[in-house]
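>>> Provide a 3D model corresponding to the input given below.
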Amino acid sequence: MHSNFITPPDYVETVLVINLEDTEKLQAAVAATNRPYNIYFYNDTMNEPDWLMLVRSKADVVLDADLASPLEYFNK
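Got it, this is the predicted structure:
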């Protein structure tokens, strides 16, 4: 585990990705953006609803792979 120390003018966007089965393409898309992100992953089998609600409340963006491809967000 690590910590991020962030000073102005930098900003690290926090993204929650839900129900993504294959992370390899997403990792490549994020690397290609050349922007820093904190990305949390969750899927329904984890059965951690309290953790999910905590992260959801802190995330700048929530991407549900059951509704749309998270790759679209990072490939914009």
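>>> what number of residues lie near Val61?
13 (other C-beta atoms under 10 Å). The C-beta positions use only the backbone N, C-alpha and C, and glycine is treated the same way.
>>> Ala28 now?
Neighbours of Ala28 using other C-beta under 10 Å come to 11.
>>> helices along the protein, start to end?
24-33, 49-58, 70-74 (DSSP state H).
>>> deepest of these, which one?
helix 70-74 (a mean of 18; mean count of other C-beta atoms under 10 Å).
>>> now for it, which elements pack on it?
Applying 3 or more C-beta pairs under 8 Å, 6 or more residues apart in numbering; DSSP states H and E, one finds that helix 70-74 contacts helix 24-33, strand 61-64.
>>> can you tell me what sits against it?
Helix 70-74 is contacted from outside by Val15, Val17, Leu20, Lys25, Leu26, Ala29, Val30, Ala32, Thr33, Val61, Leu63, using C-beta atoms under 8 Å, 6 or more residues apart in numbering.
>>> ok, how many other residues are close to the first one?
By that I understand Val15. Around Val15 there are 21 residues (other C-beta under 10 Å).
>>> just to revisit the earlier point, tabulate the helices of the chain (TSV), appending distance to Phe41.
TSV is the format used below for the helices of the chain (distance: least, C-beta to C-beta, whole Å):
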stretch	distance to Phe41
helix 24-33	9
helix 49-58	10
helix 70-74	10
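>>> next, format those helices as CSV and append mean pLDDT and distance to His2.
Listed next are the helices of the chain as CSV, based on pLDDT from 0 to 100; distance: least, C-beta to C-beta, whole Å:
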stretch, mean pLDDT, distance to His2
helix 24-33, 93, 17
helix 49-58, 97, 17
helix 70-74, 92, 21
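>>> nearest to Ile6, of those?
helix 49-58 (14.4 Å; C-beta to C-beta).
>>> ok, and what's touching that closest one?
Applying C-beta under 8 Å, 6+ apart, the external contacts of helix 49-58 come out as Thr14, Leu16, Ile18, Tyr40, Tyr42, Met46, Val62.
>>> before I go, just wanted to say thanks for your time.
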